[in-house]
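[1] Just to be clear, the model below is a prediction. Sequence and coordinates:
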Amino acid sequence: MAPPVPATVLVIEDDAALREALATVLREQGFVVVQAPSGAHAIRALHELREDEHFCMVLLDMRLPEVDGIGVLRYLQQDADQMPMIVALSASRELLAQAILVGVSVAIVKPLEVGDLLAIVARHCAREHSQPDIRG
């Protein structure tokens, strides 16, 4: 039997330090991470997925250059059957409220607690994959 494929998380964040920090923490917990510094890069990454690939979760900053978080969310909604769980991240409660109305699964106010975010990722992605053991 083939070993389980690690769950893949798409991190869409224009703040390079935060994006890399999130990617590092997720990788340390056994996740595969794809990073996108803008909405346009994220849409390209989503468009380039093979039919047998998918993201178990998308961490989506709502303030992005080129295409904002709402634009990325609307792109994801075009293929509702394959839409991953989306966690919206923003310092703006107004943007998070808008994201909830458009259809995100979870909204988290920045600055975020990494442990809380990891718990959300682990709970959701464990439903789809053999999940690494995550301990705080």
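    Yep, it's here.

[2] contacting residues around residue 68?
    In this structure, residue 68 makes contact with 39, 62, judged by Cβ atoms under 8 Å, 6 or more residues apart in numbering. C-beta: built from backbone N, CA, C; applies to glycine.

[3] May I have the beta-bridge partners of the residue nearest the centre of the chain?
    Closest residue to the average C-alpha location of the chain: residue 58 at 1.9 Å, with Cα atoms, centre = their mean. Listed beta-bridge partners, residue 58: residue 10, residue 86 (assigned using DSSP bridges).

[4] Let me know the helix or strand that the nearest residue to residue 107 once chain neighbours are set aside is in.
    For residue 107, ignoring the flanking residues on the chain, the nearest one in space by Cβ to Cβ, 6 or more residues apart in numbering is residue 96 at 3.9 Å. Element membership of residue 96, judged by DSSP states H and E, is helix 93-102.

[5] Let me see the residues that make contact with that helix.
    Contacting residues not belonging to helix 93-102 are listed as 60, 62-63, 69-70, 73-74, 77, 88, 90, 107-109 [Cβ under 8 Å, 6+ apart].

[6] Would you mark the buried spots in stretch 21-28?
    If you call a residue buried by 16 or more other Cβ atoms under 10 Å, then stretch 21-28 has these buried ones: 22-23, 25-26.

[7] same check, this time on stretch 69-76
    Along stretch 69-76, the positions that meet the burial threshold by neighbour count (16+ other Cβ under 10 Å) are 69-70, 72-73, 76.

[8] go on, stretch 76-93?
    Counting neighbours by 16+ other Cβ under 10 Å, one finds that the buried residues in stretch 76-93 are 76, 83-90.

[9] if we take those, which one ends up nearest to residue 124?
    Using Cβ to Cβ, residue 85 is the member of the buried residues of stretch 76-93 that lies nearest residue 124, at 4.9 Å.
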